[in-house]
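A.B. asks: Just to be clear, the model below is a prediction. Sequence and coordinates:
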Amino acid sequence: MAFVIVDTCTKDGHCVDACPVDCIHPTQAERGFERAPQLYINPDDCIDCGACVPVCPANSVYAAEDLPAEMTRFVEINASYYTH
């Protein structure tokens, strides 16, 4: 199962830099970066490597199966970013 970013994300970009498959968006170079409230992981492209977890200073990245119950909605929030 993919990793998920939650709403404590500060958009610092450390996870983007650490991701070996470029599955975290929007990047600072992309349109819409400023308007995005957080970054999102594409569940179809994530290879479950976990490289994004230790570099996040806000502790905003979780394995989907490890999300606290009150944060499970972020599985769909991350996925829906890539469907529109």
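C.D. replies: Everything's here; your move. None of the values given here were measured: they were computed from a predicted structure. Numbers count the residues shown, from 1 in each chain.

A.B. asks: Show me what counts as buried in the one helix or strand V16 maps to.
C.D. replies: Secondary-structure assignment from DSSP states H and E places V16 in helix 14-18. Judged by neighbour count (16 or more other C-beta atoms under 10 Å), helix 14-18 contains these buried residues: H14, C15, V16, A18. Yep, even glycine has a C-beta here, placed from its N, CA and C like the rest.

A.B. asks: from the chain's centre, how far out does the following helix or strand past it sit?
C.D. replies: Sequence-wise, the next helix or strand downstream of helix 14-18 (DSSP H and E) is strand 24-25. With C-alpha atoms, centre = their mean, to the nearest Å as the basis, strand 24-25 stands 6 Å off its chain's centre.

A.B. asks: Direction included, what does strand 24-25 pair up with?
C.D. replies: strand 40-41 (antiparallel) (DSSP bridges).

A.B. asks: and the closest residue to H25 other than its chain neighbours, what does it touch?
C.D. replies: Of all residues not flanking H25 in the chain, Y40 sits nearest, at 6.1 Å (C-beta to C-beta, 6 or more residues apart in numbering). For Y40, the set of contacting residues under the criterion of C-beta atoms under 8 Å, 6 or more residues apart in numbering consists of I5, I24, H25, P26, I77, N78, Y81, Y82.
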